[in-house]
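# sequence? don't have it. structure:
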């Protein structure tokens, strides 16, 4: 794993895009501040540039870096989640414009996946996570399901399996500034 973390770190730090196993499904990632890498991901996925990205973080410290406003209920949601949970916070910061929604909200997931956590710690920043599929296609659960378009379009493919065998996309909840909750995906 250490070797894969080193390779992915070098690619992301140098503005590249990686295909990697996350705590949910296979993902495509890059530095959340790198506009060119984010544009490359949108082109690779053949998706609209108005779609947003999720930022994976490993800790409350990084969560506080990227989410300008964190309603108190979010800490309970994170602590009590029984599976990976992405929360859309009211205001994001310190990321490229493509990461934020039109209302400046930002989607962030605190990951417990060993590879993702160690990579994030080495990067000293979050990492973008978007499903490793061409827009409109099914999100790949197995590596074999990832299209050649995606595999050939990234700068590096992490050679590790998904740690979580009960693969499912994360739950997504949007939290408003006044702690109003909207369930986006169960």
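Structure received. Not measured: the values here are computed from a predicted model.
# Quick one: neighbours of residue 172, just the number.
Number of residues near residue 172 (other CB atoms under 10 Å) recorded here: 18. Just so you know, the C-beta spots here come from the backbone N, C-alpha and C atoms, and that holds for glycine as well.
# Can you show me the strands along this structure?
Assigned by DSSP state E, the chain shows strands spanning 18-21, 26-29, 54-57, 85-89, 106-110, 127-131, 156-157, 171-175, 181-185.
# Give me the distance between residue 160 and residue 90.
Applying CB to CB, to the nearest Å, the value for residue 160 to residue 90 is 34 Å.
# Pick out whichever of those two has more residues nearby.
Taking neighbours as other CB under 10 Å, residue 160 and residue 90 compare with residue 90 leading, 20 against 16.
# Contact partners for that one?
Contact partners of residue 90, counting by CB atoms under 8 Å, 6 or more residues apart in numbering, are 68-69, 71, 103-105, 175-177.
# For these, which single residue is the most surrounded?
residue 175 (22 neighbours).
# Chain neighbours aside, what residue packs nearest to that one?
Nearest in space to residue 175, with sequence neighbours left out and distances taken as CB to CB, 6 or more residues apart in numbering, is residue 71 at 5.3 Å.
# you'd agree that neighbour is up against residue 173?
No: the pair residue 71 / residue 173 is not scored as a contact, 11.2 Å apart, by CB atoms under 8 Å.
# Flag every buried residue along stretch 78-92.
Under the neighbour-count criterion of 16 or more other CB atoms under 10 Å, stretch 78-92 has 78, 81, 84-90, 92 buried.
# Correction: the previous question concerned stretch 161-171.
Buried-residue list, stretch 161-171, by 16+ other CB under 10 Å: 162, 164, 167, 170-171.
# Repeat that for stretch 136-154.
137, 139-141, 143, 146, 150, 153-154.
# Show the low-confidence segments of this protein, by residue range.
165-167 (pLDDT under 70).
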